[in-house]
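Visitor: Here is the input, now give the coordinates:
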Amino acid sequence: MQVHRVSTKKQKTVGQKRESHSSISPKEKMERCIIVSSSTFNLSQLCPNSSSILPFELPKSSSFSRSSNANSRQIKYGFCRTVPSNSSCTRAFSTNAVLSDVPQRNQYFKVGAESTGSIPSDQLLHVIETAAKTGAQVIMDAVNKPRNITYKGLTDLVTDTDKMSEVAILDVVRKNFPDHLILGEEGGLVGDSSSDYLWCIDPLDGTTNFAHCYPSFAVSISVLYKGKPAAATVVEFVGGPKCWNTRTFTAAAGKGAFCNGEKIHASSTDMVERSLLVTGFGYEHDDAWATNIELFKEFTDVSRGVRRLGAAAVDMCHVALGIVEGYWEYRLKPWDMAAGVLIVEEAGGTVSCMDGGKFCVFDRSVLVSNGVLHAKLLERIGPATEKLKGKGIDFSLWYKPENYHTEL
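Guide: The predicted structure is shown next:
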């Protein structure tokens, strides 16, 4: 990367015509920096001995220490450091200016499996899609009928349909892969824990929405190979009473993401001000919930809006589809995230924990985006998450089945 100083005198910039003095606004008459990037973006070359431009010192991130990527040690929450005073460019800047032109996607780790093992990805996709559509048919048959609702908590409800959908899904999976391990939201952990394959099943994501006949809700299934998503399907219910329909999202690691058989891609929006965002809130109104309320307010103020739909898998599929730019949430479970994160990644998006660290499906937080905006979203979400850590909020792995072998 090269840094060039450009004054407001009549001077040519690279590849541009001469600017007339009258065309430059008073604000622009201040000295400016033009960042000319090579194919390798190495911040250590740009600012090796620098100090923070932040008005406060950010806490250390334990999650970032897991990274072996040199760039990730130089970038934190999307911020760069100031350029030393002996450099040709003397203005402090953040990567807000850089990231619009040079997306820093390589600093984030891939979540998808490198391999599907002894089972071809096409075979996994066929079974996972069959299982999801079988569960979705159970829901479709019940969607306009009265609900029999019970409660797992004060407001966390479950219906008979959740349970019947999971039974139908498990029947398909067990007939095809009787030796695989299965983690279901309703049925818990069943199967052989020595298997390399773990199925993460949410038979009805968005149960509260379903109970009220309010879209959105979905069936969400992913199969992990050694702890990483190898294939995923989400069947989303769209429409509403008297006009219900579905659309099916699928992805396999390294094979791309699809909606109803057509390839999809995350949006290219590179400004938070032009983005539409989504978040979610858990049932416990604790410090994490309160922190996300504040993030909701902040992003509502600086973006085109923040939606709260109530189904994590659907939210992530909307990022993959390119109709929203980002989604984040605390306190999720593996069956909430395992399918959606792979679909986002295969659609060209980016996945991390909410502190910017490496993500796995057993983590307790997730941030997904179109990729271009990821570091910009972390500028606000990262420090808020670090404050929660400072309060003693647990961000260790939520749950990993005992004896289940992973490559995490």
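Visitor: Name the helix or strand of the chain that has the lowest mean pLDDT.
Guide: One helix or strand of the chain scores below all others by mean pLDDT, DSSP states H and E: helix 96-99, with a mean of 32.
Visitor: and the next element down the chain from that one?
Guide: Using DSSP states H and E, the helix or strand that follows helix 96-99 in sequence is helix 121-142.
Visitor: Strand partners (parallel or antiparallel) of whichever helix or strand comes after that following helix?
Guide: Sequence-wise, the next helix or strand downstream of helix 121-142 (DSSP H and E) is strand 149-151. Partners of strand 149-151 in the sheet, by DSSP bridges, are strand 157-159 (antiparallel).
Visitor: Let me know the next secondary structure element after the strand it pairs with.
Guide: helix 160-176.
Visitor: which residues sit against the next helix or strand along the chain from that next one?
Guide: Sequence-wise, the next helix or strand downstream of helix 160-176 (DSSP H and E) is strand 181-184. If you take CB atoms under 8 Å, 6 or more residues apart in numbering as the criterion, strand 181-184 is touched by 166, 169-170, 173-174, 189-193, 195, 197-203, 334-335, 401, 404. Bear in mind the C-beta positions are built from the backbone N, C-alpha and C, glycine included.
Visitor: Go through the residues you listed and flag which are in helices.
Guide: 166, 169-170, 173-174, 334-335 (DSSP state H).
Visitor: TSV for these, including pLDDT, neighbour count and distance to V372?
Guide: Formatted as TSV, those follow (pLDDT from 0 to 100; neighbours: other CB atoms under 10 Å; distance: CB to CB, whole Å):
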residue	pLDDT	neighbour count	distance to V372
E166	96	22	37
I169	98	28	35
L170	97	22	39
V173	98	23	36
R174	96	16	41
P334	95	24	27
W335	96	23	29
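Visitor: Mind telling me the two of these farthest from one another?
Guide: Using CB to CB, the ones in helices among the contacts of strand 181-184 span at most 19.2 Å, a distance reached by R174 and P334.
Visitor: thinking again about what came up before, nearest to Q137, of the ones in helices among the contacts of strand 181-184?
Guide: Looking across the ones in helices among the contacts of strand 181-184 and measuring by CB to CB, the closest to Q137 is I169, at 10.6 Å.
Visitor: which ones are touching that closest one?
Guide: Applying CB under 8 Å, 6+ apart to I169 gives the contacts 131-132, 134-135, 184, 201, 203, 219, 221.
Visitor: Can you pick out the most distant pair from the residues you listed?
Guide: T134 and G184 (13.9 Å).
Visitor: Between those two, which has more neighbouring residues?
Guide: More crowded of T134 and G184, by other CB atoms under 10 Å: G184, with 23 against 18.
Visitor: The residue nearest to A313 when sequence neighbours are not counted in helix, strand or coil?
Guide: Using CB to CB, 6 or more residues apart in numbering and skipping the chain neighbours, the partner closest in space to A313 is S220 (3.7 Å). Assigned with DSSP: H, G, I helix; E, B strand; the rest coil, S220 falls in the strand class.
Visitor: and W328, which of the three is it?
Guide: At W328, secondary structure determined by three-state DSSP is strand.
Visitor: how deep is I343 tucked in, by neighbour count?
Guide: By other CB under 10 Å, neighbour count at I343 equals 31.
Visitor: how far away is it from W328?
Guide: 16 Å (CB to CB, to the nearest Å).
Visitor: same question, T385
Guide: 9 Å.
Visitor: Mutual contacts of those two, please.
Guide: Common neighbours of T385 and W328, counting by CB under 8 Å, 6+ apart, are 354, 365.
Visitor: which SSE is the spatially most central residue of the chain in?
Guide: Nearest to the mean C-alpha position of the chain, by CA atoms, centre = their mean, lies V368 at 1.7 Å. Applying DSSP H and E as the criterion places V368 in strand 365-369.
Visitor: Who does that strand pair with, and is each partner parallel or antiparallel?
Guide: strand 326-330 (antiparallel), strand 350-352 (antiparallel).
Visitor: following that strand, which helix or strand comes up?
Guide: Beyond strand 365-369 toward the C-terminal end (DSSP H and E), the next one is helix 374-390.
Visitor: so what secondary structure elements neighbour that next one?
Guide: Judged by 3 or more CB pairs under 8 Å, 6 or more residues apart in numbering; DSSP states H and E, the packing partners of helix 374-390 are helix 96-99, helix 287-302, strand 326-330, strand 350-352, strand 365-369.
Visitor: which stretch among these comes nearest G261?
Guide: That would be strand 365-369 among the helices and strands packed on helix 374-390, by CB to CB, at 22.5 Å.
Visitor: residues of the closest one that come out buried?
Guide: Under the neighbour-count criterion of 16 or more other CB atoms under 10 Å, strand 365-369 has 365-369 buried.
Visitor: So what's the gap between that strand and the chain middle?
Guide: 3 Å (CA atoms, centre = their mean, to the nearest Å).
Visitor: Just give me the neighbour total for Y151.
Guide: For Y151, the tally of surrounding residues (other CB under 10 Å) stands at 9.
Visitor: thought it was touching T207?
Guide: No - between Y151 and T207 there is no contact under CB atoms under 8 Å: 10.7 Å.
Visitor: Sticking with E236, tell me its helix or strand.
Guide: Element membership of E236 [criterion: DSSP H and E] is strand 228-238.
Visitor: Kindly calculate the angle that that strand makes with helix 121-142.
Guide: 30 degrees (axes from the mean of the first three to the mean of the last three CA atoms, to 10 degrees).
Visitor: what helices or strands is strand 228-238 leaning on?
Guide: Using 3+ CB pairs under 8 Å, 6+ apart, the elements in contact with strand 228-238 are helix 121-142, strand 217-225, strand 245-252, helix 312-321, helix 334-346.
Visitor: Tell me where the model's unsure across the chain.
Guide: The chain contains residues with pLDDT under 70 at 1-106, 153-157.
Visitor: Give me the nearest residue to T406, chain neighbours excluded.
Guide: G227 (2.8 Å).
Visitor: ok, that neighbour - contacts?
Guide: G227 is in contact with 198, 360-362, 400, 404-408, counting by CB under 8 Å, 6+ apart.
Visitor: For the closest residue to N176 other than its chain neighbours, which residues are in contact?
Guide: Nearest non-adjacent residue to N176, counting by CB to CB, 6+ apart: V127, 4.7 Å away. Contact analysis of V127 by CB under 8 Å, 6+ apart lists 172-173, 176-177.
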